[in-house]
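J.: Pasting a predicted model and its sequence here:
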Amino acid sequence: MEPATATAAPIPAGRARAFFALGKLRIIELWLGFFVGVSLLDGGVVHDGRALIILALILVAGVAVIAATCSLDDIAGVRDGVDQVTHEGGARWGVDKPILTGDLAERQAFGFVHVLGAIAVSASATAIALAWPLPPWLLIALPAMMLVALAYSYGPKLSYHGAGELALWVGAAGTVLLPYALVARGASAIVLVEAALVGLWHAQVVVCSNSHDATGDRATGRMTIAARTSARGNRRYVAGVFALSAAVGAVALATGVLPPGYLLALAPVWLVQAYQLWLGVGRGRWLDARRVGFRVVRLGVVALVVANLLLRA
């Protein structure tokens, strides 16, 4: 009789795919703002090895923070019953919910978050060390922006108290501002405007999601703006978010922060945003408006990158 031999437990098929889905890593729009910030840097950056390493590190840190934020959102969503109400069947809009479907346990999800946290801290700390010296405001802004993003649905649960759009705006704006500021050791008016625009485009996606989920969120205690207000009040709020986005671009053009040529870049974005607003506020087709919102992010990022490379003085 042959002695029994210990064998390693096989890794369940699809585990890596489940973690990928948990972190929403397929939604590249969440970190595309990085390229807007990079496109504002001086062209000599491509010949500066240290700058390239800094940019690579902050991109890794940013993606890790975003993936951790999405993972914590799933953990909180299942714990609080939000996902059970708003994500019947475990998936929606092509986004999987591996905790909800049982493909991952909460313990495994937390382990993934811890790994992502370690990656984000080590990458950002190394980037800071390579970029040193840095202005004090940046040393405060970098961790603050990351922590605000992480607090979207966990800890302070900003999205549960009507501040989800603000948290998302801060996080998305950070993908533009931080790579630029770490290399340039400062921030110009144009990078602040473009960071604000990218953040607002992301906020427009989440207001559409929240508008669709208002009833379920209200029932489970996730009191977004949409859950707190009437349908009419929410439509006004959503219209206000879109108006603010348009106003930021218009004022930047009027004051010369954005050169006149940027009107050609922003005009197509405004047209698609108008369609998004009509779908949501006008027709109540919030999920379709959300889908168009991601197209706005993609179009807006490409438009700003091209304009930055071709039109900036």
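T.: Right, received. Where do you want to start? Residues are numbered from 1 along each chain as shown.

J.: list the helices and strands the longest helix belonging to the chain packs on?
T.: For the chain, the longest helix by residue count, based on DSSP state H, is helix 49-79. With contacts defined as 3 or more C-beta pairs under 8 Å, 6 or more residues apart in numbering; DSSP states H and E, the packing partners of helix 49-79 are helix 15-22, helix 33-39, helix 82-86, helix 106-131, helix 136-150, helix 164-184. Bear in mind the C-beta positions are built from the backbone N, C-alpha and C, glycine included.

J.: please redo it, this time with the cut-off set to 10 Å
T.: Counting contacts by 3 or more C-beta pairs under 10 Å, 6 or more residues apart in numbering; DSSP states H and E, helix 49-79 packs against helix 15-22, helix 33-39, helix 82-86, strand 95-96, helix 106-131, helix 136-150, helix 164-184.

J.: Going by contacts, tell me the helices and strands next to the longest one.
T.: Identification of packing neighbours for helix 106-131 by 3+ C-beta pairs under 10 Å, 6+ apart yields helix 15-22, helix 49-79, helix 136-150, helix 164-184.

J.: now the shortest one, how far from the chain's geometric center?
T.: So the one you mean is helix 15-22. Helix 15-22 sits 19 Å away from the centroid of its parent chain (C-alpha atoms, centre = their mean, to the nearest Å).

J.: which outside residues touch that helix?
T.: Here helix 15-22 makes contact (C-beta atoms under 10 Å, 6 or more residues apart in numbering) with 12, 14, 25-26, 67-68, 70-75, 91, 95-99, 101-104, 108-109, 111-113, 115-116.

J.: pLDDT on that helix, on average?
T.: The average pLDDT within helix 15-22 is 89.

J.: again with the longest one
T.: Within the predicted structure, the mean pLDDT of helix 49-79 is 94.

J.: do you know which of the helices and strands packed on helix 106-131 lies nearest Val297?
T.: helix 164-184 (8.5 Å; C-beta to C-beta).

J.: OK, contacts around Pro260?
T.: With contact set as C-beta under 10 Å, 6+ apart, Pro260 has these partners: Leu253, Ala254, Leu311.

J.: Return the angle between stretch directions for the helix or strand containing the first one and helix 164-184.
T.: When you say that, I think you mean Leu253. Remark: Leu253 resides in helix 231-255, with elements defined by DSSP states H and E. Here helix 231-255 points in a direction 20 degrees away from that of helix 164-184 (axes from the mean of the first three to the mean of the last three C-alpha atoms, to 10 degrees).

J.: So which elements touch the helix or strand following helix 231-255?
T.: Using DSSP H and E, the next helix or strand after helix 231-255 towards the C-terminus is helix 262-277. Contact partners of helix 262-277 among helices and strands, from 3+ C-beta pairs under 10 Å, 6+ apart: helix 189-212, helix 231-255, helix 286-311.

J.: out of those, nearest to Leu178?
T.: Among the helices and strands packed on helix 262-277, helix 189-212 comes nearest to Leu178, with 8.9 Å by C-beta to C-beta.

J.: Can you list the buried residues in the closest one?
T.: In terms of neighbour count (16 or more other C-beta atoms under 10 Å), helix 189-212 has its buried residues at 190-212.

J.: what does stretch 242-254 give?
T.: Neighbour counts over stretch 242-254 (16+ other C-beta under 10 Å) mark Phe242, Ser245, Ala246, Val248, Gly249, Ala252, Leu253 as buried.

J.: is it possible to export those residues to JSON lines including pLDDT?
T.: As requested, the buried residues of stretch 242-254 are exported to JSON lines (pLDDT from 0 to 100):
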{"residue": "Phe242", "pLDDT": "96"}
{"residue": "Ser245", "pLDDT": "95"}
{"residue": "Ala246", "pLDDT": "95"}
{"residue": "Val248", "pLDDT": "96"}
{"residue": "Gly249", "pLDDT": "95"}
{"residue": "Ala252", "pLDDT": "96"}
{"residue": "Leu253", "pLDDT": "96"}
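
J.: still on that earlier bit, pick the most buried one from the helices and strands packed on helix 106-131.
T.: Mean neighbours per residue, mean count of other C-beta atoms under 10 Å, is largest over the helices and strands packed on helix 106-131 for helix 164-184, with a mean of 25.

J.: angle of that helix against helix 286-311?
T.: Using the same axes, to 10 degrees, one finds that helix 164-184 and helix 286-311 are set 20 degrees apart in direction.

J.: got the CA coordinates for helix 164-184 in CSV?
T.: C-alpha atoms of helix 164-184 as CSV (Å, rounded to 0.1, in the frame of the first residue of the first chain):
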residue,chain,number,x,y,z
GLY,A,164,-20.7,60.1,-3.3
GLU,A,165,-20.5,62.4,-6.3
LEU,A,166,-18.0,64.6,-4.4
ALA,A,167,-15.8,61.6,-3.4
LEU,A,168,-15.8,60.4,-7.0
TRP,A,169,-15.0,63.8,-8.3
VAL,A,170,-12.0,64.1,-6.0
GLY,A,171,-10.7,60.7,-6.9
ALA,A,172,-11.1,61.2,-10.7
ALA,A,173,-9.6,64.7,-10.5
GLY,A,174,-6.7,63.2,-8.7
THR,A,175,-5.9,60.9,-11.7
VAL,A,176,-5.2,64.0,-13.7
LEU,A,177,-3.6,66.3,-11.0
LEU,A,178,-1.3,63.9,-9.2
PRO,A,179,0.8,62.6,-12.1
TYR,A,180,1.3,66.1,-13.4
ALA,A,181,2.1,67.6,-10.0
LEU,A,182,4.6,64.9,-8.9
VAL,A,183,6.7,65.5,-12.0
ALA,A,184,6.2,69.3,-12.4
